[in-house]
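Colleague: take this sequence and fold it.
(one chain, ligands or ions: 1)
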Amino acid sequence: MNKIVMKKVLSEGVKEFEIESPQIAKSRHAGQFVIVRANEKGERIPLTIADANVEKGTITLIFQEVGKSTMLMGSFNEGDSFLDVVGPLGKPTHTENFGTVVCMGGGIGVAPMHPIAQALKQAGNRVIAIIGARSKELLIMEDRIKAASHEMHISTDDGSFGVHGFVTDVLQSLIDKGEKVDLCVAIGPVPMMNASCKLTKQYDIPTVVSLNPIMVDGTGMCGACRVTVGGKTRFVCVDGPEFNGHEVDFVELVKRQRAYLPQEREAREQYQHECGHHNHH
Ligand code: FES
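Modeller: Okay, here's the model as predicted:
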């Protein structure tokens, strides 16, 4: 269980793992995620299921090494196993035939965007993918996104590949050319999702974002993943991860990301302490 059958380096610090997990491979839907713990020393990391192979009984996880726990995960090799992979968690993507859908992925956000594009394509939509990264070397999953869409555009912040600019610049030019977009899906860093929502709001294009905050229990109990959507408190792990982007309080999201370190760490240590405590009884 949870054995790594394939490991690949996609770009600097971005790793892809194919993990044996037949149950999750069979039951997952687009948009859902798992919470992974490498070993006892690792924190619980929420990761969207980027792909699954039911016949092989494997799921694909893609992540960026940004801290201790993700670096620990990244140090594992083919043949090693993760301590636990819990899921599928979260609500599946709402898929129907909307018409023309633009799927935008920024940086590592291209990975969670992939199964959504696949599902929307399968539901009969015309899928236009726009993927972006800071530079050419950081671009991931180009071939797979191409296969999951009807049309693909690429942008890089530094102009080293594709359009010189942001994914929102590409969307703007599509709109300017008269493209009628029925739905937009935007996944990536918070500023990218915020900018995408600001743009689509101007044109009344319904927009879905997928949020990826810190998570602890993944069951709606700890409160670590709370966000404000449409003025209401929601938990990303059970109410999300996808939300109406025009209703997400991005200002708060950015603040909470910054405030996370001192406060949430304490909350998490408390939680883990309590869990350990309960286990002794
Ligand atoms: S991770 Fe969502 S409430 Fe704990």
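Colleague: show me where pLDDT drops low in the stretch 151-281 of the chain?
Modeller: Counting by pLDDT under 70, the stretch 151-281 of the chain contains low-confidence residues at 258-281.
Colleague: and it, which residues reach the ligand?
Modeller: Within the stretch 151-281 of the chain, the positions lying close to the ligand (Cβ under 6 Å from any ligand atom) are 215-218, 220-225, 235, 237. (Glycine included, C-beta is placed from N, CA and C.)
Colleague: so which of these sit within helices?
Modeller: Secondary structure from DSSP state H places residue 237 of these in helices.
Colleague: narrow the residues of the stretch 151-281 of the chain next to the ligand to those that are buried.
Modeller: Among these, those buried by neighbour count (16 or more other Cβ atoms under 10 Å) are 215-218, 222, 224-225, 235, 237.
Colleague: go through those and flag which are in strands.
Modeller: Taking DSSP state E as the definition of strands, these contribute residue 235.
Colleague: tell me which two of the buried ones among the residues of the stretch 151-281 of the chain next to the ligand sit farthest apart.
Modeller: Maximum pairwise distance among those (Cβ to Cβ): 10.9 Å, between 216 and 235.
Colleague: which residues do those two both contact?
Modeller: residue 225 (Cβ atoms under 8 Å, 6 or more residues apart in numbering).
Colleague: the stretch 51-200 of the chain: strands as residue ranges?
Modeller: Secondary structure of the stretch 51-200 of the chain by DSSP state E, counting those that start in this stretch: the strands cover 58-64, 84-89, 100-106, 126-133, 151-156, 163-164, 183-187.
Colleague: for the shortest one, which outside residues touch it?
Modeller: Yep, that's strand 163-164 we're talking about. Against strand 163-164 from outside (Cβ under 8 Å, 6+ apart): 153-156, 158, 169-170, 173.
Colleague: do the same with the third one
Modeller: For strand 100-106, the external contacting residues (Cβ under 8 Å, 6+ apart) are 111-114, 116-117, 120, 125-133, 145, 149, 166-168, 171, 174, 179-189, 192-193, 196, 205.
Colleague: go with 7 Å
Modeller: Strand 100-106 has contacts (Cβ atoms under 7 Å, 6 or more residues apart in numbering) with 113, 116-117, 120, 125-132, 149, 167, 171, 180-189, 192, 196.
Colleague: follow-up on the earlier one: could you save the buried ones among the residues of the stretch 151-281 of the chain next to the ligand as CSV and add columns showing distance to residue 67?
Modeller: Shown next, in CSV, are these (distance: Cβ to Cβ, whole Å):
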residue, distance to residue 67
215, 14
216, 15
217, 19
218, 18
222, 19
224, 15
225, 17
235, 22
237, 19
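Colleague: and the buried ones among the contacts of strand 100-106, selectable in PyMOL?
Modeller: In PyMOL, a selection of the buried entries from the contacts of strand 100-106 looks like this (16+ other Cβ under 10 Å):
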select buried, resi 113+116+117+120+125+126+127+128+129+130+131+132+149+167+171+181+183+184+185+186+187+188+192+196
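Colleague: one step back: pull the most distant pair out of the residues of the stretch 151-281 of the chain next to the ligand.
Modeller: Largest separation among these by Cβ to Cβ: 218 and 223, giving 12.0 Å.
Colleague: and residue 194, what is it in contact with?
Modeller: By Cβ under 7 Å, 6+ apart, the residues touching residue 194 are residue 250.
Colleague: OK, contacts around the nearest residue to residue 41 once chain neighbours are set aside?
Modeller: Spatial nearest neighbour of residue 41, excluding adjacent residues (Cβ to Cβ, 6 or more residues apart in numbering): residue 72 at 6.7 Å. Residue 72 is in contact with 38, 41-42, counting by Cβ under 7 Å, 6+ apart.
Colleague: same thing but 8 Å
Modeller: By Cβ under 8 Å, 6+ apart, residue 72 lies in contact with 38-39, 41-42.
Colleague: closest to residue 95 among those?
Modeller: Using Cβ to Cβ, residue 38 comes nearest to residue 95 of the contacts of residue 72, at 31.9 Å.
Colleague: and the gap between the closest one and the ligand?
Modeller: Applying Cβ to the nearest ligand atom, to the nearest Å, the value for residue 38 to the ligand is 18 Å.
Colleague: do residue 142 as well
Modeller: Taken as Cβ to the nearest ligand atom, the span from residue 142 to the ligand is 32 Å.
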